[in-house]
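> Sequence isn't available, so here's the structure alone:
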């Protein structure tokens, strides 16, 4: 499978996930707007929309190149063989579908779990899983980071912005 095909499939998966999030997950699992502060769905809608637009632009670029029968530059089509010289080449930009799915699946489960166990527990477990996926194997460090991030985001969203966090509340 060529790099263009693999990347194109990755972008299509991302587009499908974004459409699913915008059409179903965000509207279904976002609490009602209380009438003050920022709407709870604003941040996820903006973030997912930006991701969707970027993926669409990438797919259109690939499709135009294929449709117009134009060759993309060799460095954008294929990766050179690993060489031992110091050419400065990196693997940045390569789509790894297994890694992509290992991140998308916990994100989808987070959206569902927040409704049942609340923001604090679901986010803590999500961050622990995400840190494991990206390679962190220091459990104490992962626990401290996840706990601190969840606590800071909870305080900022709930008391700073006045946005109610979704799901059952632990600290009410």
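That came through fine. As the structure is a prediction and not an experimental result, all values here were calculated from the model.
> Beyond the helix or strand residue 9 falls within, next helix or strand please.
Following DSSP states H and E, one finds residue 9 within helix 3-20. Read in the C-terminal direction, the helix or strand following helix 3-20 is helix 26-29, with elements assigned using DSSP H and E.
> now what about that following helix, what contacts it?
Taking CB atoms under 8 Å, 6 or more residues apart in numbering as the criterion, the residues outside helix 26-29 that touch it are 41, 44-45, 48, 111-112, 114-115, 166. For glycine as for every other residue, the C-beta is placed from the backbone atoms N, C-alpha and C.
> Equivalent analysis for stretch 133-141, please.
Around stretch 133-141, the neighbours that count as contacts under CB under 8 Å, 6+ apart are 99, 102-103, 106, 142.
> Filter those residues down to the buried ones and hand me the PyMOL line.
The following PyMOL selection, which keeps only the buried ones among those, applies the criterion 16 or more other CB atoms under 10 Å:
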select buried, resi 106+142
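> which of the contacts of stretch 133-141 lies closest to residue 19?
residue 103 (17.5 Å; CB to CB).
> I'd guessed that closest one sits against residue 132; true?
No: with contact defined as CB atoms under 8 Å, residue 103 does not reach residue 132; the gap is 11.2 Å.
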